[in-house]
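1. Sharing a model that was predicted from the sequence below.
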Protein chains: 2
Amino acid sequence: MKVLVTGATGFIGRHLVPVLLERGHEVAVVGRDVERARGFAWFDSVRFVSCDIHRMDDRALELFGAQDIVVHLAWPGLPNYKAAFHVEENLPGDCRFLTSLIKKVTGRLLVAGTCAEYGLQSGCLTEEMPTYPANAYAQAKDSLRTVLQDFQGQYPFTLQWARLFYMYGPGQNPNSLLAQLDRAIDSGEPEFNMSGGEQLRDYLPVQEVARRLVALADHPACAGVVNVCSGEPVSVRNLVERHLAQRGATLSLNLGHYPYADDEPMAFWGGTEKYRRFCGHV
Amino acid sequence: MKVLVTGATGFIGRHLVPVLLERGHEVAVVGRDVERARGFAWFDSVRFVSCDIHRMDDRALELFGAQDIVVHLAWPGLPNYKAAFHVEENLPGDCRFLTSLIKKVTGRLLVAGTCAEYGLQSGCLTEEMPTYPANAYAQAKDSLRTVLQDFQGQYPFTLQWARLFYMYGPGQNPNSLLAQLDRAIDSGEPEFNMSGGEQLRDYLPVQEVARRLVALADHPACAGVVNVCSGEPVSVRNLVERHLAQRGATLSLNLGHYPYADDEPMAFWGGTEKYRRFCGHV
């Protein structure tokens, strides 16, 4: 298949491109910064299209060429979930970009959504549940999905909306928990300050997220919203303890140093039934 | 106030009677086994009415005398939550007993309900949520509450339905987690087999449950369903670790030895807003 990827140099994209190439797909990558892309081993195996997707003219669309599917991962400015630019800039920019693609470039979109669309709901979250986005980032993603679903009424196309849960691994944000933990280990800190750690979350290694997104690209029948998650609730403390054990580190955890976030549920994770039904065992 | 208590020798009742007496209430206790009751320090301070509440004639009702409130804690056969006798015996027996009380003995009932009425719902559970009882015990309690609420249409009376969450302390069932842990500590076991321990639950010491039930008896304006709980989710592992620390025990936890129960949510706790609104800070 001919696959166009946005956000290829981001946290997920950098792991997704090699999986697409391994599966024999013909990959084009769109991005603003060719120098950044050149730093990746896969650079010479893809076609790079230099373009700011939020400031694009029709000529850029022609550069993309016809694509079997567009995998849209780009979303500037993360994390910073409460900032207005998600709604003011990314949302309208993405709406214009993706509807243009449907008109001229492709009949299939695979777009990164977020578990934050579910909002403050607890427990096992499944795709048919209503959404209650509670911050600007989640609002923007939820609105984008609604716009695309409505747009299917005018231009029939296949939409796969992958709700991503938590992930970790190479390329993660330096402010993320495990990145901070790694720095504490590397600098020989005696202890690590964290929350009580009893929150239950759903984590996947980012490489596994990339593998599942490619599986979705290979299974267009798995259309609509689909969770990309482990299905296994794990406490943040357990995640941290496992990481310490993997690294053979003995630093002690200062549990309860930080309060729990008041804008996230204490316990939620994703249901994997839909993904498994179409893409096999997880 | 004149208070009649059922289940006074049970796990909660044994702690509730002394609190009622301290608050100056005139306490009558109904039970099947006077010898069992005689073993409690409060026995000489209460009036004991010997009676099987599920096999009662009108003469027994007269023995009770007029009461300001009946606190109904008795419920034979716990734990054994999935057994049919909850529905087949306790439910009809309780319906007959409590409706008779309303006709002849009291204008106020305070009845022990259960968080299991909420069923498999996750997160913070609050009184206005619908109930989805998922075992025979929860079904029976949920049905009893419905019958009593319907009965208020015929015989206006005040019903306080206290949804009890998890509790621990003196008198707890020997098969309960902390009772098993105490035995392991006392017998010098090197390790303790348990589940992964990441379930989030809501625990109160049983003495605090008793104190709150008396506060409810003293605040009839807090009518209808009210949660009796801490409002603070805590993992089972944390509960166990705290207990070990309190006892100065160093036995190691074999986490993950047992699987998680498949008939309980991974994470739920109670909202305390209603209790606090009427009875003050918790």
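-> Noted; the coordinates are in hand.
2. Pull out the buried residues from the helix ranked longest in chain A.
-> Ranked by residue count under DSSP state H, the longest helix found in chain A is helix A:136-151. Neighbour-count burial for helix A:136-151, counted by 16 or more other C-beta atoms under 10 Å in any protein chain shown, picks out A:136-145, A:148, A:151. C-beta: built from backbone N, CA, C; applies to glycine.
3. Look up how far chain B lies from the nearest residue to residue A:114 once chain neighbours are set aside.
-> Spatial nearest neighbour of residue A:114, chain neighbours left out: residue A:141 (5.1 Å); criterion: C-beta to C-beta, 6 or more residues apart in numbering or on different chains. Remark: distance between residue A:141 and chain B (C-beta to the nearest C-beta, to the nearest Å) = 22 Å.
4. Show me which residues of stretch A:260-275 are buried.
-> Along stretch A:260-275, these residues count as buried under the neighbour rule (16+ other C-beta under 10 Å): A:264-272, A:274-275.
5. least trustworthy helix or strand in chain A by mean pLDDT?
-> Each helix and strand of chain A was given a mean pLDDT (mean pLDDT, DSSP states H and E); the minimum falls on helix A:58-64 at a mean of 88.
6. Correct me if wrong: the residue nearest to residue A:114 contacts residue A:119.
-> No - here residue A:141 lies out of contact with residue A:119, judged by C-beta atoms under 8 Å, at a distance of 11.5 Å.
7. and the residue in chain A sticking out farthest from the centre, what is it in contact with?
-> Farthest-out residue of chain A from its mean C-alpha position, per C-alpha atoms, centre = their mean: residue A:190, at 33.3 Å. Applying C-beta atoms under 8 Å, 6 or more residues apart in numbering or on different chains to residue A:190 gives the contacts A:251-252.
8. Give me the distance between it and residue A:251.
-> Taking C-beta to C-beta, to the nearest Å as the criterion, residue A:190 is separated from residue A:251 by 6 Å.
9. what's the offset of stretch A:196-211 from the middle of its chain?
-> 12 Å (C-alpha atoms, centre = their mean, to the nearest Å).
10. my bad, stretch A:97-109
-> A distance of 20 Å separates the C-alpha centroid of stretch A:97-109 from that of its chain, computed with C-alpha atoms, centre = their mean.
11. Which positions in the stretch 151-282 of chain A make contact with chain B?
-> Where proximity means C-beta under 8 Å from any C-beta of the partner chain, the interface of the stretch 151-282 of chain A facing chain B comprises A:196, A:198, A:200, A:233-235, A:238, A:265-269.
12. ok, for whatever residue of the stretch 151-282 of chain A ends up closest to chain B, nearest residue in space, not its chain neighbours?
-> In the stretch 151-282 of chain A, the residue found nearest to chain B is residue A:267; the distance is 3.2 Å by C-beta to the nearest C-beta. Beyond its immediate neighbours in the sequence, the residue positioned closest to residue A:267 (C-beta to C-beta, 6+ apart) is residue B:267, lying 3.2 Å away.
13. With residue A:265 instead?
-> Beyond its immediate neighbours in the sequence, the residue positioned closest to residue A:265 (C-beta to C-beta, 6+ apart) is residue A:122, lying 4.5 Å away.
14. ok, now residue A:126?
-> In space, and not counting its chain neighbours, residue A:126 is closest to residue A:271: 3.9 Å by C-beta to C-beta, 6+ apart.
15. sorry, back to before: need the overlap of contacts for residue A:141 and residue A:119.
-> Where contact means C-beta under 8 Å, 6+ apart, the residues bridging residue A:141 and residue A:119 through contact with each are residue A:133.
16. give the contact list for the residue nearest to residue A:114.
-> For residue A:141, the residues meeting the contact criterion (C-beta under 8 Å, 6+ apart) are A:86, A:113-114, A:116-117, A:133.
17. Test my guess that residue A:63 contacts residue A:49.
-> Yes - Residue A:63 is within contact range of residue A:49, at 5.2 Å (criterion: C-beta under 8 Å).
18. between those two, who's got more neighbours?
-> A count of neighbours by other C-beta atoms under 10 Å in any protein chain shown puts residue A:49 above the other of residue A:63 and residue A:49, at 17 against 14.
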